[in-house]
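*Asks:* Structure for the following, please:
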Amino acid sequence: MISLSPEAVTPALAALFDPKHPTIGRAFTVLAGVSQGQILADDAAAPRWAAVREATYGTLYLGGRVDGVLLAELLEHLRQSGDVGLGCWPDDPLATVPLAEPHYDGRTLFFPVRSPDVALAPFFQALPPGYTLVPRDERLLAQSPDYAGTLATFGSVEAVMRLSRGIVIQHDDQIVAEASTGAPAYGQIEVGVATHDHYRQRGLATVACAALISACEAEGLATWWDCAAQNLASVQLAGRLGYGSGREYRYRWWQRLA
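*Replies:* Have a look, this model is predicted:
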């Protein structure tokens, strides 16, 4: 296997990846060079298989002719340098390939489409008194609880501000909730949210996400959502925002080898 830079990715290599795979947008942003990750293949000019591991979660995406033997080799190779996750639809043959015992094995829900019939304005217009809703700038980015992770994903503050979108809710001049996106790929963009422990169950995540999704859709970007099936708060939030029923897939995760 060889390691490739985004500049070496050809249309033939990118075409190996199934656009209907769960969370595939993360892989496309790595292939496009707009987020950090690793790209592997058997050949640069005429690849029969390719693999992408994105930096944020360590999720591995596979394209082309990948069997159980190759998957096991990729898993062992990539675990030398970091954690590895793998998501598969239930009917994907790779979902049941025997691999090293994962450190996590669970169900995840992928919400690829938001219904335009669900209005968002009533949510972000219902911000409680004493709270302010503002777009994230460089100053607020520096205060973000996920600053380090965001910087690792995009590589620089300039790239974060250019490629990602963010909305924060402040209370007493402190960030209490933050909705943000990944980088866009093929007109789609992932949305996520984090709320300070002491400010949960006040509807702030709904407000922040509604405002951010509305801004993304005004740009012509379609948004998508992904969360663990046991994260009921996130599942319910997705439903309120119009994402409907998520499609379930299996997600396994392995720690970096010592």
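
*Asks:* Of all the residues in the helix or strand hosting residue 151, which ones are buried?
*Replies:* Per DSSP states H and E, residue 151 falls inside helix 147-154. By neighbour count on 16 or more other Cβ atoms under 10 Å, the buried set for helix 147-154 is 150-151, 153-154. Where C-beta positions appear, they are placed from N, C-alpha and C, glycine not excepted.

*Asks:* Likewise for stretch 164-174?
*Replies:* Residues 164-171 are the ones in stretch 164-174 that count as buried (16+ other Cβ under 10 Å).

*Asks:* distance between it and the chain's centre?
*Replies:* Distance, stretch centre to chain centre, for stretch 164-174: 20 Å (Cα atoms, centre = their mean, to the nearest Å).

*Asks:* swap in stretch 45-64?
*Replies:* On Cα atoms, centre = their mean, the centre of stretch 45-64 falls 15 Å from that of its chain.

*Asks:* For it, list every residue counted as buried.
*Replies:* Neighbour counts over stretch 45-64 (16+ other Cβ under 10 Å) mark 47, 49-64 as buried.

*Asks:* Tell me which of the residues you listed fall in strands.
*Replies:* The strands, defined by DSSP state E, take in 49-54, 59-64 from these.

*Asks:* Tabulate these in TSV, adding columns for distance to residue 117 and pLDDT.
*Replies:* Shown next, in TSV, are these (distance: Cβ to Cβ, whole Å; pLDDT from 0 to 100):
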residue	distance to residue 117	pLDDT
49	40	98
50	38	98
51	38	98
52	34	98
53	37	97
54	32	96
59	31	97
60	35	98
61	31	98
62	35	98
63	34	97
64	38	96
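
*Asks:* Pick out whichever of these sits closest to residue 216.
*Replies:* Lowest distance from residue 216 to those (Cβ to Cβ) belongs to residue 54, with 19.8 Å.

*Asks:* so what's that closest one bridging to?
*Replies:* residue 37 (DSSP bridges).

*Asks:* measure stretch 109-124 end to end?
*Replies:* 25 Å (Cα to Cα, to the nearest Å).

*Asks:* what comes up buried for that stretch?
*Replies:* 109-112, 114, 118, 120, 123-124.

*Asks:* from the residues you listed, which two are the most distant?
*Replies:* 110 and 124 (24.5 Å).

*Asks:* sorry, back to before: and which of the ones in strands among the buried residues of stretch 45-64 is nearest to residue 73?
*Replies:* Distance to residue 73, by Cβ to Cβ, is smallest for residue 51 among these, at 10.2 Å.

*Asks:* residue contacts, the closest one?
*Replies:* Residue 51 makes contact with 1, 38-41, 60-63, 66, 74 under the criterion Cβ atoms under 8 Å, 6 or more residues apart in numbering.

*Asks:* ok, now how distant is it from residue 158?
*Replies:* Using Cβ to Cβ, to the nearest Å, residue 51 is found at 28 Å from residue 158.

*Asks:* and what of residue 66?
*Replies:* In this view, residue 66 and residue 158 are 35 Å apart by Cβ to Cβ.

*Asks:* Tell me which of those two has more neighbours.
*Replies:* Remark: of residue 66 and residue 158, residue 66 carries more neighbours, 19 against 10, as counted by other Cβ atoms under 10 Å.

*Asks:* Heading C-terminal from the biggest helix by length in the chain, find the next helix or strand.
*Replies:* Longest helix in the chain, counting residues (DSSP state H): helix 204-218. Going down the chain from helix 204-218, the next helix or strand is strand 222-228, by DSSP H and E.
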